[in-house]
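**Student:** For reference, the sequence and a predicted model appear below.
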Amino acid sequence: MHLPTVITLALATNFIVGLYLYLLYQRKPKDRCFKLWSYSCGFFVLGSALVVLRPYAIPNFFSFFIADCLLLLAPVYLLAGLAQFSRFRYTKQRRQQALGTLAIVIAIFLASYQQPGLLSITVALAIALTFCLCAYLLHKSIITEPTFTRTLQSVFLLHALVMFIQALLVMLNWQQLNLHGLPESSVYTLLSHILLTTLTTLLLPWLSFLKLERKLTLKSQRDGLTRLANREHFFNQLERYWQQYPSTPAVFMMIDIDFFKKVNDTFGHAVGDQAIVSVAKLLSKQLRSNDIIGRIGGEEYAVLLIDIDEQTALKISHRLRQQVAEQLKFIEEANVELTISIGMVHVIPVQHDRITAFKLADDALYASKQAGRNTVTLAKFGPDIDNGLKFDI
Ligand SMILES: Nc1nc2c(ncn2[C@@H]2O[C@H](COP(=O)(O)OP(=O)(O)OP(=O)(O)O)[C@@H](O)[C@H]2O)c(=O)[nH]1
């Protein structure tokens, strides 16, 4: 491969993708990761351009110290963008530690920039460690696309390995270093560094599609008013539970706000909507985070209490009923008195099919309404659906 051609192509690609990422950021300023990645591309282009100018009469301060700082900032900004993208908890303490480490590394560059050999070792090690951190961050973060995540992680680890080898080559050939502080044998590691940087740059825009996909998926699974799972997502989660935990007992629960039509008619739809949101909030707050909660109709919710026995579930449902009656009295200044009715059934997935469970819980809810509302009814599986015994509690 002809090195000057590779460098020119790599710089052009990094420049174009960097520009594209910056335009993406301008369209969506909230997504700061794109700005950080566009800066990362920019630093690589500027740093490499300064390195190319080394044989000319440019002060070493620029062609070595500034150039290598820029080349280090490229992966550092890549890391910062990944931290933003993966919503990594970026505490003040972590930020201070990161800035402190960066300052120390730059101080080492400053102290060694007159000795190209030493400088190229520290640069290679600093870049290698930054790529290790990038791979670690991806490992820790929740990015839903495993194949893509693993590919990117492999590229980072390979890049780190290449940089470690480069540092080793410099140490082993200390007596025969060229103007850049590199031995002749490092031409392949140098080429790999340029190609891997360009590959990473080309993969970055793909993350923007993943981000959009993640947003759209979340949106399609949530109910717009309450942010609970919508009907379809709730039943999908239910199906998954039946497959994954066939022998873990659970309680299927249907909840409906009583006389809701009257709430709408008396106080208006805005207050009605607020009441629906308040009940949803109370359910989310009171139930465990791994319980499955959904809004499956206008003023109707469905819940799967996970890994629970019947008596505990009964206590919980009574507590919910009481809390709605006691706490949700005033909504948006209106004197609304909300109550809920609950129907529920205890299930073991391997023994009970979920369609029947749904029907029994719904029948039990109907029984609660018939019993005067603000009531909990427990259904039991009988020999057939119509024989599901019900107990008014
Ligand atoms: N504000 C508001 N109202 C809704 C929404 N979805 C459904 N509704 C209303 O909820 C009411 C449901 O009333 P019904 O199913 O007759 O039941 P109910 O008045 O609650 O009586 P019971 O359930 O028998 O206690 C209807 O008036 C619907 O228009 C919504 O998203 N917002």
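**Tutor:** That came in fine, so what should we check first?

**Student:** what's the residue of the stretch 101-250 of the chain found nearest the ligand in contact with, if anything?
**Tutor:** The nearest approach of the stretch 101-250 of the chain to the ligand comes at Leu225, 5.9 Å away (CB to the nearest ligand atom). C-beta coordinates here come from the backbone N, C-alpha and C atoms, glycine included. Taking CB atoms under 8 Å, 6 or more residues apart in numbering, we find Leu225 in contact with Asp273, Ile276, Val277, Ala280, Arg295.

**Student:** For it, which three-state class applies?
**Tutor:** coil (DSSP: H, G, I helix; E, B strand; the rest coil).

**Student:** Phi, psi for it please.
**Tutor:** The phi/psi pair for Leu225 (degrees, to the nearest 10) reads phi -80, psi -50.

**Student:** And for Ala229?
**Tutor:** Backbone phi and psi, for Ala229 under degrees, to the nearest 10, turn out to be phi -60, psi 140.

**Student:** Bridged to the residue nearest to it when sequence neighbours are not counted, which residues?
**Tutor:** Spatial nearest neighbour of Ala229, chain neighbours left out: Gly294 (4.0 Å); criterion: CB to CB, 6 or more residues apart in numbering. For Gly294, the beta-bridge partners are Ala229, Ala302 (DSSP bridges).

**Student:** Buried ones among the contacts of Leu225?
**Tutor:** Ile276, Val277, Ala280, Arg295 (16 or more other CB atoms under 10 Å).

**Student:** Most widely separated two among these?
**Tutor:** The most widely separated members of the buried ones among the contacts of Leu225, counting by CB to CB, are Val277 and Arg295 (9.8 Å).

**Student:** what's the spacing between the helix or strand hosting Thr197 and its chain's center?
**Tutor:** Counting by DSSP states H and E, the element that carries Thr197 is helix 187-221. Distance, stretch centre to chain centre, for helix 187-221: 15 Å (CA atoms, centre = their mean, to the nearest Å).

**Student:** Mind listing what's buried along the very next helix or strand once past that helix?
**Tutor:** Heading C-terminal from helix 187-221, the first helix or strand you meet, by DSSP H and E, is helix 231-244. Using 16+ other CB under 10 Å as the test for burial, helix 231-244 gives His233, Phe234, Phe235, Gln237, Leu238, Tyr241, Trp242.

**Student:** again, but for stretch 22-33
**Tutor:** Across stretch 22-33, burial judged by 16+ other CB under 10 Å covers Tyr22, Leu24, Tyr25, Asp31, Cys33.

**Student:** Of these, which is the nearest to the ligand?
**Tutor:** The ligand lies nearest to Asp31 out of those, by CB to the nearest ligand atom, at 31.4 Å.

**Student:** pretty sure the closest one contacts Leu23?
**Tutor:** No: here Asp31 does not reach Leu23: they are 11.9 Å apart, not a contact under CB atoms under 8 Å.

**Student:** on that earlier part again, what about the buried residues of stretch 22-33, which are in strands?
**Tutor:** The members of the buried residues of stretch 22-33 all map outside strands under DSSP state E.

**Student:** I'd like to know how far Gly42 sits from Ala103.
**Tutor:** For Gly42, the distance to Ala103 equals 21 Å [CB to CB, to the nearest Å].

**Student:** And those two? Which one has more around it.
**Tutor:** Applying other CB atoms under 10 Å to Gly42 and Ala103 shows that Gly42 carries more neighbours, namely 20 against 10.

**Student:** centre of the chain versus the helix or strand where that one lies, how much separation?
**Tutor:** Per DSSP H and E: Gly42 is located in helix 32-52. Taking CA atoms, centre = their mean, one finds helix 32-52 lying 25 Å from the centre of the chain it belongs to.

**Student:** hmm, back to that, could the buried residues of stretch 22-33 go into JSON lines alongside distance to the ligand?
**Tutor:** Output for these, formatted as JSON lines (distance: CB to the nearest ligand atom, whole Å):
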{"residue": "Tyr22", "distance to the ligand": "42"}
{"residue": "Leu24", "distance to the ligand": "36"}
{"residue": "Tyr25", "distance to the ligand": "37"}
{"residue": "Asp31", "distance to the ligand": "31"}
{"residue": "Cys33", "distance to the ligand": "36"}
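
**Student:** What residues does the chain have near the ligand?
**Tutor:** 225, 256-261, 264, 269, 272-273, 276, 298-299, 369, 373 (CB under 6 Å from any ligand atom).

**Student:** run the last query once more with 5 Å
**Tutor:** When proximity is defined by CB under 5 Å from any ligand atom, the chain lies next to the ligand at Asp258, Phe259, Phe260, Lys261, His269, Gly272, Asp273, Gly298, Glu299.

**Student:** Taking the stretch 1-150 of the chain, what residue is nearest to the ligand?
**Tutor:** Closest point on the stretch 1-150 of the chain to the ligand, by CB to the nearest ligand atom, is Lys30, at 28.5 Å.

**Student:** Next, the buried residues of the helix holding Thr197.
**Tutor:** Here helix 187-221 shows 189-201, 204, 207-208, 211, 221 as buried, counting by 16+ other CB under 10 Å.

**Student:** Torsion angles phi and psi at Asp31?
**Tutor:** phi -80, psi 80.

**Student:** Contact partners for it?
**Tutor:** Counting by CB under 8 Å, 6+ apart, Asp31 touches Leu24, Tyr25, Gln84, Ser208, Lys211.

**Student:** 10 Å instead, please
**Tutor:** Leu21, Leu24, Tyr25, Trp37, Gly81, Gln84, Phe85, Leu207, Ser208, Lys211, Leu212 (CB atoms under 10 Å, 6 or more residues apart in numbering).
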